[in-house]
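S.K.: need a 3D model of the following:
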Amino acid sequence: MTPADLLTDSLERVRESVEAVLDGLDDDQLTARPAPEANTIAWLVWHLTRVEDDHVAGVAGHEQVWTADGFARRFDLPFADEAIGYGQTTEEVGQVRASAALLGDYHRAVHARTLDYLSGLGAEDLDRVVDEHWDPPVTLGVRLVSVVNDATQHVGQAAYVRGLVTR
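M.R.: Purely as a prediction, here's the structure:
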């Protein structure tokens, strides 16, 4: 198994989990909060997808699916197109309202773009420094593992919230 195969398998599992979390949920369930300031399923799925889109586009050198494929317009959120969810307030979390279909469409589009990028990577590519703002500088491999880590944490949180709102 190549490193690209490993990353692809990891992100495929995230995609499957996102599909399972969204399956059959209505808008009220997607925006339900198990506690007053808790994250919603809609926000968690939007955020994990925005992070993947932002980070992969950044290392691949292409425009984000969010803007290139019109998802920013389709979601029509009251945030700058660059927003990915980091540092958002509880009020901003509550402003992410989208159908399961739209969230799923965006995630599948980002996933497809990511897999296309990963398919061209060799093991030697993973040592390329992609961010010198950290000490030590961040390599491509570290950045991609970070994407997987963020996505698995948030899809697990979304699955937990799903269990609470569908009881």
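
S.K.: secondary structure element for Val142?
M.R.: According to DSSP states H and E, Val142 maps onto helix 140-165.

S.K.: so for that helix, mean pLDDT?
M.R.: Averaged across helix 140-165, the pLDDT comes to 98.

S.K.: buried residues in that helix?
M.R.: Neighbour-count burial for helix 140-165 flags 140-145, 147-148, 150-152, 154-155, 157-158, 161-162, 165 (criterion: 16 or more other Cβ atoms under 10 Å). C-beta: built from backbone N, CA, C; applies to glycine.

S.K.: stretch 28-42 now?
M.R.: Gln29, Leu30, Thr31, Ala32, Arg33, Asn39, Thr40, Ile41, Ala42.

S.K.: check contacts around the most centrally placed residue in the chain.
M.R.: Centroid-nearest residue in the chain, with Cα atoms, centre = their mean: Thr49, separated by 1.9 Å. Contacts for Thr49 (Cβ atoms under 8 Å, 6 or more residues apart in numbering) come out as Val18, Leu103, Tyr106, His107, Val110.

S.K.: at 7 Å instead, please
M.R.: Tyr106, His107, Val110 (Cβ atoms under 7 Å, 6 or more residues apart in numbering).

S.K.: what would these look like in JSON lines with distance to Ala72?
M.R.: Listed next are these as JSON lines, based on distance: Cβ to Cβ, whole Å:
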{"residue": "Tyr106", "distance to Ala72": "10"}
{"residue": "His107", "distance to Ala72": "15"}
{"residue": "Val110", "distance to Ala72": "13"}
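
S.K.: Asp127: which of the residues you listed is nearest?
M.R.: Nearest to Asp127 out of these is Val110 (Cβ to Cβ; 24.7 Å).

S.K.: so the closest one sits right up against Glu52, yeah?
M.R.: Yes - between Val110 and Glu52 there is a contact at 5.4 Å, judged by Cβ atoms under 7 Å.

S.K.: quick one: the strands in the chain?
M.R.: Counting by DSSP state E, the chain has these strands, from start to end: 129-131, 138-139.

S.K.: between these, which gets nearest to Gln95?
M.R.: For Gln95, the closest of the strands of the chain is strand 129-131, at 28.9 Å, according to Cβ to Cβ.

S.K.: strands paired with that closest one, and their directions?
M.R.: strand 138-139 (antiparallel) (DSSP bridges).

S.K.: give me the below-cutoff pLDDT ranges for the chain.
M.R.: For the chain, no stretch has pLDDT under 70.

S.K.: thinking again about what came up before, most packed of the strands of the chain?
M.R.: Comparing those by mean neighbour count (mean count of other Cβ atoms under 10 Å), strand 138-139 comes out on top with a mean of 16.
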